[in-house]
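# pasted the sequence and its predicted model underneath.
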Amino acid sequence: MTKLPLIVGFGGINAAGRSSGFHSYKRMVSDVLSDGEMEATWQDLANRMGLANSDDLDPELIEAIKAGTLVRRIDSFDPDNLLYQYKASFSTDSEQIAFTLRKSKLPTMIPDNWTVEEQGSKVKITVNGALDALLEDRVSFPVSSGGNIPAGFDPGKLYNSRFHPRGLKLTVYGASDALNSLGVDWSEVMKHIKPDEVSVYAGSALAQVDDQSLSGMLAAPLTGGRVSSKMMALSLAEMPADFVNGYVINSVGTTGTNMGACATFLYNLRQGMYDIQHGKSKVVVVGNAEAPVVAEIMEGFRVMGALAEDEQLKALDNSDVVDNRRACRPFSENAGFTMSESSQFVVLMDDELALKLGVTVYGSVADVFVNADANKKSISAPGVGNYVTMAKATALAKAILGEEGVKRTYVQAHGTGTPQNRITESHILNEVAKTFSIDNWPVTAIKSYVGHSMGAAAGDQLIASLGVWQYGWIPGIKTIDHIADDVHQSNLNILTEHAFAGEQGEDYKAVLLNAKGFGGNNATGLVLSPAQTMTMLSNKYGEKTMLAYHDKNEKVRVVAKKNDKAACNGVETIRYHFGESVMDDGSVAMTQDVIKLSEFEHAIALPQVNPYADYS
């Protein structure tokens, strides 16, 4: 029987806040939750943002928290004061230019039109003719909206993060947050499995692109900087997985990242799901961390016409002032997407192990479908692949939930906020709804709250969906006041307000997470609700096993709640173990049957059976 991959832990950070404890979700729907339900979230954000201690919650503080979260004016760089250099050629009436330099600053290749005279520790340079140079300037960047993590929060201050790129700081934080949400210590999990029964699939669609990594490495020769020994290695796109293995969970299991542009998180989720379904692993850590709110990266997207520029947003509003908060407007009159940063991780577990440990079940991954676009006129243009992924996911929902059950699903749309997306994605969703006789399919798009975090985007969607099954509200697209005329919606209910989904989201049995990536990378994931998942587990394992599970789960929930409360008060455990439990060639013992590693309780079994015996 196929194993059901259960979601038993989740964590991370995006523009809405910390993922575990459902805090980022709660920030999105804060206007419909009670003061009591929001108190812990405001405390968490106040401490994280360095605004005040948790005892000082008042309306003024809450307004400051709101101002420093969600999509807003960029704060990872100053859009009004961006360093820029222009090429220039200097000349004078005398056709000679003279200046002095330290000897150590002389170029290796001295231009032919330079005359050099030594003056002690300095040299006098006389240039005969023109002097080519770079002039430093400060310019205004055309895009000032972005989805930075909460203002004032630097995850790197919570552990020894010297020289770590921002994306890897987010990785360590997100993976730690996910593990803290388990309610069971990782060492306890490892007692029940072999060292190779763990998988980690994590990465960054855009790799690491700040001054400590690829961007700094490429710019150094032209800006007078220095390339460090860490920059190249830490720039690699799969480095989040490497960091999780090497510094967070001490894993020798399966690892890697499966990249698919904006659908990358779902690609990795699919890998993790397969490992559990086919018995390759019993625990899988899936995630993506992205930190692309960097001017150079954003400029690349801007010149493609992909980003919402300030002047375009002003024109949409017929205003002289840009409304940063409403920069992303899915399915309405819009101008482009809004770049953001995020780190999202989930822990998947084999259903038998999950029941044995008593971990909380937040949902399950039924399947993730990935299909390409076939021949295209433009590599960045949308194509037919997303029709295939959405149709497959919806058909599977019908097969699992039945004719009426498929109508009790909703869609987390890719919803980037671009003019092209609103037409193409709405047509896909509408046609699928027609085909499966769904008359009023709820559709939302949380990029309106947190922006587009590229490879981590579907992770943002998943975390928000898990919140619906805890607090009962589907976040509406609150940045829009109408649906654009060219949007297809005869069978859709595109939510412009928060929609009540019943107590703990009981009205919906599943969610479809949709992602459309540059290059034709389409993915749609079907995630089942915790209630639906528990029903399926009960059918498989029976009442006695489930009663035993619930007894264990009560204790696990207490630990997870304790961890969450501590984090809300500014005290959280960051798992970063540099130089600890390191193994070398003396740590390995093997026979023809097993290999034993000194730091693990259980040995790893070696293959003994020829899987291709039928071909012999």
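All right, it came through fine.
# buried ones in the biggest helix by length in the chain, by neighbour count?
Assignment by DSSP state H gives helix 543-568 as the longest helix of the chain. Neighbour-count burial for helix 543-568 flags 546, 549, 553, 556, 560, 563-564, 567-568 (criterion: 16 or more other C-beta atoms under 10 Å). Where you see a C-beta, it was placed from the backbone N, CA and C, and this is true even at glycine.
# please apply the same query to stretch 246-259.
Across stretch 246-259, burial judged by 16+ other C-beta under 10 Å covers 247-255, 257-259.
# on that earlier part again, how far out from the middle of the chain is the longest helix of the chain?
Relative to the chain's own centre, helix 543-568 is displaced by 27 Å; criterion: C-alpha atoms, centre = their mean, to the nearest Å.
# stretch 431-446 spans what distance, first to last residue?
End-to-end span of stretch 431-446 (C-alpha to C-alpha, to the nearest Å): 22 Å.
# buried ones in it, by neighbour count?
By neighbour count with 16+ other C-beta under 10 Å, stretch 431-446 contains the buried residues 431-433, 436, 438, 441-446.
# for stretch 346-362, same thing?
For stretch 346-362, the neighbour count (16+ other C-beta under 10 Å) marks 346-355, 357-362 as buried.
# any idea which of the buried residues of stretch 431-446 is closest to Val284?
The nearest member of these to Val284, counting by C-beta to C-beta, is Ile446 at 23.9 Å.
# flag the shaky bits of the stretch 51-200 of the chain, pLDDT-wise.
With pLDDT under 70 as the threshold, the stretch 51-200 of the chain has low-confidence stretches at 53-55.
# do a quick rundown of the helices in it.
Using DSSP state H, counting those that start in this stretch, the helices of the stretch 51-200 of the chain run over 59-67, 166-180, 186-190.
# quick one: which of these is nearest Arg73?
Arg73 lies closest to helix 59-67 among these, at 9.5 Å (C-beta to C-beta).
# contacts only, for Asp439.
By C-beta atoms under 8 Å, 6 or more residues apart in numbering, the contact set of Asp439 is 407, 433, 491.
# those strands in the stretch 51-200 of the chain, which residues are they?
Here the stretch 51-200 of the chain has its strands, by DSSP state E, counting those that start in this stretch, at 72-73, 82-90, 96-102, 114-119, 122-128, 131-139, 145-146, 198-203.
# before we move on, the earlier item: format the contacts of Asp439 as JSON lines; extra columns: secondary structure and pLDDT.
JSON lines is the format used below for the contacts of Asp439 (DSSP: H, G, I helix; E, B strand; the rest coil; pLDDT from 0 to 100):
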{"residue": "Lys407", "secondary structure": "helix", "pLDDT": "98"}
{"residue": "Ala433", "secondary structure": "helix", "pLDDT": "98"}
{"residue": "Asn491", "secondary structure": "coil", "pLDDT": "98"}
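# show the pLDDT at the residue nearest the centre of the chain.
In the chain, the C-alpha nearest the mean C-alpha coordinate belongs to Ala456, at 2.4 Å (C-alpha atoms, centre = their mean). Ala456 is assigned a predicted lDDT (pLDDT) of 98.
# for the buried residues of stretch 346-362, which one is nearest Leu466?
When the buried residues of stretch 346-362 are compared for distance to Leu466 (C-beta to C-beta), Tyr362 comes out closest, at 5.1 Å.
# what's the nearest residue to the closest one if we skip its chain neighbours?
Spatial nearest neighbour of Tyr362, chain neighbours left out: Ile7 (4.6 Å); criterion: C-beta to C-beta, 6 or more residues apart in numbering.
# same question, Glu341
Distance criterion C-beta to C-beta, 6+ apart; nearest residue to Glu341, sequence neighbours excluded, is Ala291 at 4.6 Å.
# that neighbour: what's it in contact with?
Residues near Ala291 by C-beta under 8 Å, 6+ apart: 165-167, 170, 204, 208-210, 341.
# cool, Gly505 as well?
Contacts of Gly505 were listed using C-beta under 8 Å, 6+ apart, and they are 468-472, 474, 529.
# fine, thanks again, bye for now.
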